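Enquirer: show me how the following folds:
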Amino acid sequence: TISACSITKSTARLAKDITNDEELFGLPRESVAQPLALLLASQFVLFLGVGAVIPSIPLYGKAIGLSSAANGVVISAPAAMLLLLSRPAGGFADKARKPAMMAGMALIAVADLGTAVASSIGPLVLARLGLGAGRVVSESGERGMLADIA
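Expert: Down below sits the predicted model:
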């Protein structure tokens, strides 16, 4: 059975954890919680941007005259770059975590701009390949940073 004394001790321990400025959810604030929050925020922004475009690609492709097969190529182009560049991007991220994350995000921004202005399949596939390259570099840096935190 649980005694009133053990409940009081647990409550006191929880209150101490909540008021401790050096910890956040039981994790050391500076060495773990803040970098983890940065990683989660960057992943949220990354996947919000990448995920928001995917449903509109078939409509955009149809508007510029692409067939269903061409739309499939456009949608799958980032995955091809993820496959091809995983190892080199991981090597780069092993040497420079934050620069990999920032370079990847910058490449993603340029690729999204290229996707928006593309008017035929060539530039559209090229922009989507750039998106995959940016994702692999950024995600390699983020996963390396996560491993460092753990």
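
Enquirer: CA only for contacts and neighbour counts going forward, please
Expert: Noted.

Enquirer: would you confirm that A118 contacts L124?
Expert: Yes - judged on Cα atoms under 8 Å, A118 makes contact with L124 at a distance of 5.2 Å.

Enquirer: out of those two, which sits in the more crowded spot?
Expert: Set side by side, A118 and L124 show more neighbours around L124, with 25 against 18, by other Cα atoms under 10 Å.

Enquirer: which helices and strands sit right next to the host helix or strand of the more buried one?
Expert: Secondary structure assigned from DSSP states H and E places L124 in helix 121-149. Contact partners of helix 121-149 among helices and strands, from 3 or more Cα pairs under 8 Å, 6 or more residues apart in numbering; DSSP states H and E: helix 34-53, helix 68-95, helix 97-117.

Enquirer: again, only this time at 10 Å
Expert: Packing contacts for helix 121-149, counted by 3 or more Cα pairs under 10 Å, 6 or more residues apart in numbering; DSSP states H and E, involve helix 34-53, helix 57-63, helix 68-95, helix 97-117.

Enquirer: overlap in contacts, A118 and L124.
Expert: 61, 112 (Cα atoms under 10 Å, 6 or more residues apart in numbering).

Enquirer: what's around S68, how many residues?
Expert: Other residues lying near S68 total 12 when counted by other Cα under 10 Å.

Enquirer: that one is in contact with Y60, isn't it?
Expert: No - counting by Cα atoms under 10 Å, S68 stays clear of Y60, with 11.5 Å between them.

Enquirer: in this protein, which residue is closest to the centre?
Expert: Q43 (3.2 Å; Cα atoms, centre = their mean).

Enquirer: so how far is G61 from that one?
Expert: 27 Å (Cα to Cα, to the nearest Å).

Enquirer: ok, I121 next?
Expert: Counting by Cα to Cα, the gap from I121 to G61 is 8 Å.

Enquirer: what sits in contact with each of these two?
Expert: Common neighbours of I121 and G61 (Cα under 10 Å, 6+ apart) are 67, 70-71, 74.

Enquirer: quick revisit: of all the helices and strands packed on helix 121-149, which one is nearest I149?
Expert: Nearest to I149 among these is helix 34-53 (7.7 Å), distances taken as Cα to Cα.

Enquirer: buried sites along that closest one?
Expert: For helix 34-53, burial by neighbour count (16 or more other Cα atoms under 10 Å) applies to 36, 39, 42, 46, 53.

Enquirer: could you give the angle of that helix to helix 97-117?
Expert: 20 degrees (axes from the mean of the first three to the mean of the last three Cα atoms, to 10 degrees).
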